[in-house]
Every structure is written in C-alpha cells, then in structure tokens.
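Undergrad: quick one, fold the following:
(one chain, ligands or ions: 2)
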Amino acid sequence: MANIKQSQAQVSVIIPTYNESENIIQVLKSIGEHLPKDVEVEAIVVDDNSPDGTGKVVEDYITDTRNEVGYSIDIIHRGAKSGLSSAILDGIQHSSAETIVVMDSDFSHPPKIIPQLLEEIKTSDYDIVIASRYTAGGEVSGWSTKRKLISKGATGIAKAGLGVNESDPMSGFFAFKRKILEGIKFDAIGYKMLLEILVKTKGAKVKEIPYTFTDRTRGSSKLDSSTMFDFVTSVWKLYRYGHSTKVSDTRTSVRFISKAGRFYTVGASGLLVNYIVSLLFADAVVNFWYIHATIIGIAISMTSNFILNKIWTFEDRNFEAKKTLGQYGKFVGFSSLGALIQLGMVYVLVDNYQIIYPLALIIAVIIAASSNFILNKKWTFKEKVWS
Ligand code: GDD
Ligand code: MN
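TA: Ligands and ions are numbered 1, 2, ... in the order given. Model (predicted):
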C-alpha cells in the first residue's frame, strides 16, 4: 500500500486499470499537474491483477520516494478481471473523501477537465457532474463509425428505456458527492456505473460539461461482446428496478394494495389458463372426457397461479425443492378452502338469511377471495399480513 497516503482527502479520484502499464504513470502525473492546489486529493487505482504488470508499476511508483505528484496515491489489487463498474464500486468503498471523481486510465479522459468538475460540485452545488461527449461542445475523436454507432445506440436505449435525461449517461468520466449514494445497493455489472448511479439517485442535481473524448493511443480497449451482453443485463435490471418501486414503496398501505392487485391479476390469468387448457384437452387436442379435461384445467391453472404468485406477487425467488413443494401444497390447500368457504357462505346467506342469490354470491366471492389472499400471504409465503 501507498506510503504517501495522506489522511482525510477532500477528493478521491478512482482510476480502474486493466493492462494500462503504458499509460497509468503518465496519467497519474498529468492529474497531478492539473489538480487545483487548494484541495487534498487521494487517487485510488483499482487494478485487476493486470497480466502486463500495471499493479507492480503503480506500486513501484508509489514507493519511489523521488516522485512528487503532489497528492496521495493508493492502489487496490484485486485478484482477477472483474469488470469496470465493480472496480469503480470497490474504489468508492475504499475511498474516504466527500467528493469522488471517476476516470479512465488511458488518456481518453483529459485530466485538465477535473478542476471544472470539482468547481461545479463545490460552487454550484451539483450532486453529479458529468464530463459529456454529447452535450453541446462535446466531441469524440478517433472512434470508428461502428463504435460511434454502438455508443449512440446504447445511449439511446438507456435514455428511452430508463428515462434518463442526460446526454451522456454512459460517460466513464464524472464527479459526484459521496452522500448521494447512501442506502443504495448497486449491481455494478459491466461498464455503466454512471448509468446505474443516475437511475438510482433520482432527484440528484446533475450537470454536464462538454469535453473531447480522444481514443487511446496506447494499449487496447477492453470493451468486447461480453461487455455488450453486460450492458443488456444491466439495463434490464435497472428497468426492473424502476418498475418495482411500487412494491418497495415505504407506505405499508401502498405495498399491501399493490400485492393484492398482483394476486388478483394472477387469479384472473388463472381463469383464462383454466378455460383454454380445459377446452384444449376436451376436444381440439386429445379428446378427453370433459370432466377429466376440467380437472386438468384446474390443476394447470392452480400451478401457473402458484408460480406467478411466488415469483411476481411475493417476489420469492427461492426455488429449493422442499420449500417450494411445501408452499405449493399450502397454496392448493388454501385455494380449495377458498372454494369451500364460498360454497358454505352462499348456502348460509341464501338459506339462513334469505339474501337473494346474486348478492349472496358477490359477498361470498369477496370473502373467499380476500381470505385466499390473506391466508396465502401469511402461511404460504410467510409475510406479515399488513405489509
Ligand atoms: N480494474 C478494471 N477491471 N479496470 C477495467 C476493466 C476491468 O475489468 N475493464 C476496463 N477497465 C479500465 C481500463 O483499463 C480503462 O482505464 C477503463 O477501464 C476504460 O476501459 P476501456 O477499455 O479503455 O474502455 P473504452 O475506452 O472502450 O470505453 C470508454 O467509453 C465508454 C462509453 O462509451 C470508457 O470511458 C468507458 O468508461 C465508457 O463507459
Ligand atoms: Mn478507453
């Protein structure tokens, strides 16, 4: 670890590296030349055991007492290449400053922009400041048309699908206040750390400043087809994140109603499954006796109801066989019980209380359906009733 680490930096600069031995020292020096003089800065290099020895190069540089970059440098050595976003996240967790800057280590992100980023955070009170290629005045230099198209396409998908307004949500060069990350859980998949931060910190004050991204002249890009796959995975996860806010709403009433809504939506889908399956078995496909076809329809719709309620309504992804079978048994039991309750209620209401059948039926269905939801919530999926 670094011997020139100073205590309590005001700004932490996170610099992930993978095979950047040809660039990293020059980048560290250049950062030193551009940093404002009045702030305590620590750089944190996060290296993934680069085969080209980047980790060692940085380590030697840190321990060489002759160097004078004018700020502290620290390095985290990780065991293996584990992705850019997760490297950034590790760097953030390791850092101490209130303001954090993230940048690449291949000179695509000019260090001379850092003071501008810090200035906006400090004096204009923005929470996140993005060095942007796509805002007025920004530019990309040295990229092939194909790479430009991919970048633009991915940016378009992210903006449309996730509702982000920034022109360059995929930038790898940005600064932000540490406090905006409080309480947020990150997936940190692939390359798009900023995108995840933007999606999960809705309400943060964001500013973009233009810069020119220049393609690296040394070493090679680590972006490959698996990075694109990671992009799709992370956008999908962020999309799900954005659309699951209902159930994670802090108000108990909202969560309860939203779960009940899901439960009855599943119930309605079950009716449809029941109807279609029964008809298929009764004539079109196998020509079963209609009573058998109806039994099969009931069994299959109960099963599909169970699976949908488990995954969607109660968000239980534990499919361990014993547990799941136990839940399935209870679910089928309570559904049958619901039918019995309905039957019993109708009988009592019509016979004992002389209520007309249509009204009795409505009352019985409501009571059976609510007890069905409550019983399954409490006993099958082990949730508190009012939650
Ligand atoms: N520790 C670590 N682990 N670092 C990594 C890893 C990893 O798995 N993958 C990449 N890096 C480092 C590289 O060493 C480099 O400093 C930086 O992350 C960016 O990687 P490049 O491979 O140079 O990416 P690029 O130039 O193609 O992509 C740029 O544009 C993207 C937007 O289009 C970067 O600026 C990205 O951050 C940006 O999202
Ligand atoms: Mn690069």
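
Undergrad: where exactly do the helices run in the stretch 101-250 of the chain?
TA: 114-123, 145-162, 193-200, 225-243 (DSSP state H, counting those that start in this stretch).

Undergrad: closest to ligand 1 out of the ones you listed?
TA: helix 145-162 (4.6 Å; CB to the nearest ligand atom). (C-beta placed from N, C-alpha, C; glycine too.)

Undergrad: which one, of the helices of the stretch 101-250 of the chain, ends up nearest to ligand 2?
TA: helix 145-162 (10.6 Å; CB to the ion).

Undergrad: write out the residues of the protein neighbouring ligand 2.
TA: Where proximity means CB under 5 Å from the ion, the interface of the chain facing ligand 2 comprises Asp106, Ser108, Arg216.

Undergrad: the strand or helix carrying Ile88 near ligand 1 anywhere?
TA: Using DSSP states H and E, the element containing Ile88 is helix 84-94. Yes: Helix 84-94 comes into contact with ligand 1 (CB under 6 Å from any ligand atom), by way of Leu84, Ala87.

Undergrad: in that helix, what's buried?
TA: Neighbour counts over helix 84-94 (16 or more other CB atoms under 10 Å) mark Leu84, Ser85, Ser86, Ala87, Ile88, Leu89, Asp90, Gly91, Ile92 as buried.

Undergrad: turn the helices of the stretch 101-250 of the chain into a markdown table, columns for mean neighbour count.
TA: Formatted as a markdown table, the entries for the helices of the stretch 101-250 of the chain read as follows, by neighbours: other CB atoms under 10 Å:
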| stretch | mean neighbour count |
| --- | --- |
| helix 114-123 | 18 |
| helix 145-162 | 14 |
| helix 193-200 | 24 |
| helix 225-243 | 15 |
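
Undergrad: of these, which shows the lowest average pLDDT?
TA: Note on those: helix 225-243 shows the lowest mean pLDDT, a mean of 84.

Undergrad: which other residues reach it?
TA: Residues outside helix 225-243 that contact it (CB atoms under 8 Å, 6 or more residues apart in numbering): 83, 85, 150, 154, 157-158, 161-163, 187, 189-192, 195-196, 199-200.

Undergrad: if we go to 6 Å?
TA: Residues outside helix 225-243 that contact it (CB atoms under 6 Å, 6 or more residues apart in numbering): Gly161, Leu162, Asp187, Ile189, Gly190, Tyr191, Lys192, Val199.

Undergrad: can you name the residues of the stretch 51-200 of the chain that neighbour ligand 1?
TA: Going by CB under 6 Å from any ligand atom, the residues of the stretch 51-200 of the chain near ligand 1 are 81-84, 87, 104-106, 108, 151, 170, 172, 191.

Undergrad: most widely separated two among the residues you listed?
TA: Greatest spatial distance among those (CB to CB): Ser82 and Ser151, at 23.1 Å.
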